[in-house]
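K.L.:
Build me a structure from this.
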Amino acid sequence: MAASASASVKLGSKPDAFRRQGQAWFCTTGLPSDVTVEVGDMSFHLHKFPLLSKSAVLEQLIEESSDQEESIIKLNDIPGCAKSFEMVARFCYGVKIELSAANVVHLRCASEHLQMTEEISDDNLIAQTEMFLNQVVLRNWKDSLKALETCDDLLPHAEDLQIVKRCIESLASKATTDPNLFGWPIREHGIMQSPGGSVLWNGISTGARPRNFSSDWWYDDVSSLSFPMYKRLLSGMESRRIRPEIIAGSLAYYARKYIPGLSRRNSMGTMPLAGTLSDVEQRNLLEEIDRLLPVQKGLVPTKLLLGLLKTSMILKASSTCIANLEKRVGMQLDQASLEDLLLPNYSYTMETLYNVECVHRILEHFLAMDQANGGCSPCIDDMMASPSMIPITAVAKLLDGYLAEVAPDVNLKPPKFQALASALPEYARPLDDGLYRAIDVYLKAHSWLSEGEREQLCRLMDCQKLSLEACTHAAQNERLPLRVVVQVLFFEQLQLRTSIAGCLLVSDNLEGSSRPLRSGGVAMSGEAGGWSAAVRENQVLKVGMDNMRMRLAELEKECSDMRQEIEKLGRGGGGGGKSGGGWASHVPRRFSLKMKPQMCSTQEGSVSEQQKSMSAKLDKLQAKLSKQKRQLSADA
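P.N.:
You can find the predicted model right below:
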């Protein structure tokens, strides 16, 4: 990041008279040293008078050590240790020092500890640092942030002096204000911006075009804070009623920067610190972020929530954290993508490749929220197209895609697959094509399933809710049980008849609407030409509809022959009575899915041959149906 001219004040006027040798500092004034101040492992060989003339504490300590041959003072508890005392000593000697946001908190805490008050000396260090803090640092965003960063090493002294509180209040108030209105240098992709947005080069405006800043301009800046300070800053912002979505956005930025896996590339060109965090630190950070995230739906991207959930499983976060993230994802599951929903299994106790149970719990949270918000009743037809149905139909489409992705897993047991597929209410799926595809993939990957298990899986879908394309595929699908194929064939015929009837109805309406034009009357020349073309098209359509009626009659005759053949099988196998009631007694008028097993029953000795014959006839009928549909499509 490019540096900018930070605010600073120079104190003192004398040239530098300090030099360092190893772990010792010496003052080169020409006079021999008469006091040694030890701060940690560093020794300062100084003179008594400059020190006692500025600090009441040093004056007392020097007086207590005056009876010794060589005065030695220990200051191991001074805030900032040797770094702070070095600057204090320079101030006491009147040597030039530069007061800045990076060292003002150190000097303020050290001067308070050493009691460098106005009673001891005018313009003493406490007054100088306090004035610089209030009049310079706290009025500037960048300097306030830098001062707050230095407070981590100076607790609890910085806390006792209210420096932390003042910095947070300054930053919180500025975060809600357009930075272009004030003289705050703002970090924007590594380039410092002057008031009004022009680029600064060595503190000089280049006249570059101003940039428009959004409400997230401060995200990268505050992400440099330690999490305790960052957490306190967010609390201060919330007290100023900053919108929850802005707080959520900042938390998301912080999480991506410090938790690996949430973002593939570095944000804003900065180097993330995630590599320095241990697994325990990352887990603690993730749990803290989960507690701080707003609970409102949609404030945090679903992709990020699923990334946090995946990471929490890897880091073995608390069950409470994982449950909270699952609930958050469930609240906005309709906004999730299939790629992000494919959560791998990180537990050795689970055999499946993907964590199907976790997705099932997320789905249950979504359904509970949908019901609490007054989800639509499937009994109200006019509600099916209402906006309130959009989320649940989106989730149904997402779930069907998820089922198709996890279906090839040979370790996924049928009960788990069925439980997840049947969790959604029936009205959530306008079409069952996606569910059929998932079932077909599952049957292909689990070829060892028994006929009964296959039939049980196929009961998940409603053949009446399959499109003509899906019906065509299912009728030729060897993996489906024979009973399901028969059902699909008749529902395909029913859909085809309905479609043809609709076309005929449109044709009749067009024919009726064209009669007044053919009967004469005054019309505009342009309109007459348009209607004439419509009449000609209508006549062509009528001829096509007559042909379709003839083809439909042929199709119905084929189906009638098919029924008679199956009735013969039924009478031959059951010997009459209830057991030989024929096709008509076993197939409801609306071709219900609950078809009795007796409709395909035969005598025990001829089951195989009759099934082969039936299958051959069904194949023949299906081929003709497909041929008719292709011809109808070509004529349409």
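K.L.:
For burial, what's the neighbour tally of Asp409?
P.N.:
Neighbourhood size, Asp409 [other C-beta atoms under 10 Å]: 19. Using the backbone N, CA and C atoms, a C-beta is placed for each residue, glycine as well.
K.L.:
Can you read off the pLDDT for the residue lying closest to it once chain neighbours are set aside?
P.N.:
Counting by C-beta to C-beta, 6 or more residues apart in numbering, Leu353 is the residue found nearest to Asp409 once chain neighbours are left out, at 4.9 Å. Listed pLDDT for Leu353 reads 91.
K.L.:
what's near enough to touch Leu353?
P.N.:
The contact partners of Leu353, taken as C-beta atoms under 8 Å, 6 or more residues apart in numbering, are 344-345, 406, 409, 411.
K.L.:
What values do phi and psi take at it?
P.N.:
Leu353 adopts backbone torsions of phi -70, psi -40, taken as degrees, to the nearest 10.
K.L.:
gap between it and Arg328?
P.N.:
The gap separating Leu353 from Arg328 is 24 Å, by C-beta to C-beta, to the nearest Å.
K.L.:
Could I get the full set of strands for this structure?
P.N.:
With DSSP state E, the ranges of strands along the chain come out as 8-11, 18-21, 24-27, 35-39, 42-46, 71-74, 97-100, 186-188, 191-193, 200-201, 204-205.
K.L.:
Strand partners (parallel or antiparallel) of the fifth one?
P.N.:
If I follow you right, that is strand 42-46. Strands that pair with strand 42-46, judged by DSSP bridges, come out as strand 24-27 (parallel), strand 35-39 (antiparallel).
K.L.:
hmm, back to that, could I have the PyMOL command that selects the buried members from the contacts of Leu353?
P.N.:
Buried members of those, defined by 16 or more other C-beta atoms under 10 Å, are picked up in PyMOL with:
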select buried, resi 345+406+409
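K.L.:
With pLDDT and distance to Tyr258 added, can I get the contacts of Leu353 in a markdown table?
P.N.:
Below are the contacts of Leu353 laid out as a markdown table (pLDDT from 0 to 100; distance: C-beta to C-beta, whole Å):
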| residue | pLDDT | distance to Tyr258 |
| --- | --- | --- |
| Pro344 | 91 | 22 |
| Asn345 | 89 | 26 |
| Val406 | 95 | 32 |
| Asp409 | 93 | 34 |
| Asn411 | 91 | 35 |
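K.L.:
Can you flag which of the contacts of Leu353 belong to helices?
P.N.:
Mapping the contacts of Leu353 onto helices (DSSP state H) picks out Val406.
K.L.:
quick one: which of the contacts of Leu353 is nearest to Cys471?
P.N.:
Taking C-beta to C-beta as the measure, Val406 is the one of the contacts of Leu353 closest to Cys471, at 25.2 Å.
K.L.:
that older thread, right, and the strands paired with strand 42-46 - which one's nearest Val441?
P.N.:
So among the strands paired with strand 42-46, strand 35-39 is nearest, using C-beta to C-beta, at 71.9 Å.
K.L.:
Just the C-alpha atoms of the closest one, please, in PDB.
P.N.:
The C-alpha trace of strand 35-39 is given here as PDB (Å, rounded to 0.1, in the frame of the first residue of the first chain):
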ATOM      1  CA  VAL A  35      21.800   7.600  36.400                       C
ATOM      2  CA  THR A  36      21.000   4.300  34.700                       C
ATOM      3  CA  VAL A  37      17.400   3.500  33.800                       C
ATOM      4  CA  GLU A  38      16.700  -0.200  33.100                       C
ATOM      5  CA  VAL A  39      13.600  -1.000  31.000                       C
END
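K.L.:
Show me the contact partners of that strand.
P.N.:
Outside strand 35-39, the residues that touch it by C-beta under 8 Å, 6+ apart are 43-48, 51, 58, 62, 65, 70-76, 78, 81-82, 85, 89.
K.L.:
State the pLDDT value of the residue lying closest to Ala404 once chain neighbours are set aside.
P.N.:
Nearest residue to Ala404, sequence neighbours excluded (C-beta to C-beta, 6+ apart): Ala438, at 4.2 Å. With respect to pLDDT, Ala438 has a value of 94.
K.L.:
May I ask you to confirm that Ala438 is in contact with Ala407?
P.N.:
Yes. Between Ala438 and Ala407 a contact is recorded at 5.5 Å, counting by C-beta atoms under 8 Å.
K.L.:
Mind checking which of the contacts of strand 35-39 are buried?
P.N.:
Among the contacts of strand 35-39, those scoring as buried are 43-44, 46-48, 51, 58, 62, 65, 71, 73, 75, 78, 81-82, 85, 89 (criterion: 16+ other C-beta under 10 Å).
K.L.:
What distance do you get for the residue nearest to Asp409 to Pro430?
P.N.:
Separation of Leu353 from Pro430 (C-beta to C-beta): 30 Å.
K.L.:
ditto for Glu119
P.N.:
For Glu119, the distance to Pro430 (C-beta to C-beta) stands at 83 Å.
K.L.:
For Gln115, the count of nearby residues, please.
P.N.:
With other C-beta under 10 Å as criterion, Gln115 counts 17.
K.L.:
ignore the last one, Thr302
P.N.:
Thr302: 20 surrounding residues under other C-beta under 10 Å.
K.L.:
same thing with Arg241?
P.N.:
Neighbour count of Arg241, defined by other C-beta under 10 Å: 8.
K.L.:
tell me the pLDDT at it?
P.N.:
pLDDT, Arg241: 85.
K.L.:
quick one: low-confidence ranges for the stretch 101-250 of the chain?
P.N.:
Applying pLDDT under 70 to the stretch 101-250 of the chain picks out residues 178-213.
K.L.:
in it, which spans are helices?
P.N.:
Applying DSSP state H, counting those that start in this stretch to the stretch 101-250 of the chain gives helices spanning 104-113, 125-135, 141-150, 157-160, 163-175, 219-222, 227-239, 244-258.
K.L.:
Pick the most deeply packed of the ones you listed.
P.N.:
Greatest average neighbour count among these goes to helix 104-113 (a mean of 25), per mean count of other C-beta atoms under 10 Å.
K.L.:
quick one: that helix to helix 141-150, angle?
P.N.:
Taking axes from the mean of the first three to the mean of the last three C-alpha atoms, to 10 degrees, helix 104-113 and helix 141-150 form an angle of 50 degrees between their directions.
K.L.:
Which elements pack onto helix 104-113?
P.N.:
In terms of contacts (3 or more C-beta pairs under 8 Å, 6 or more residues apart in numbering; DSSP states H and E), helix 104-113 is packed against helix 81-93, helix 125-135, helix 141-150, helix 157-160, helix 163-175.
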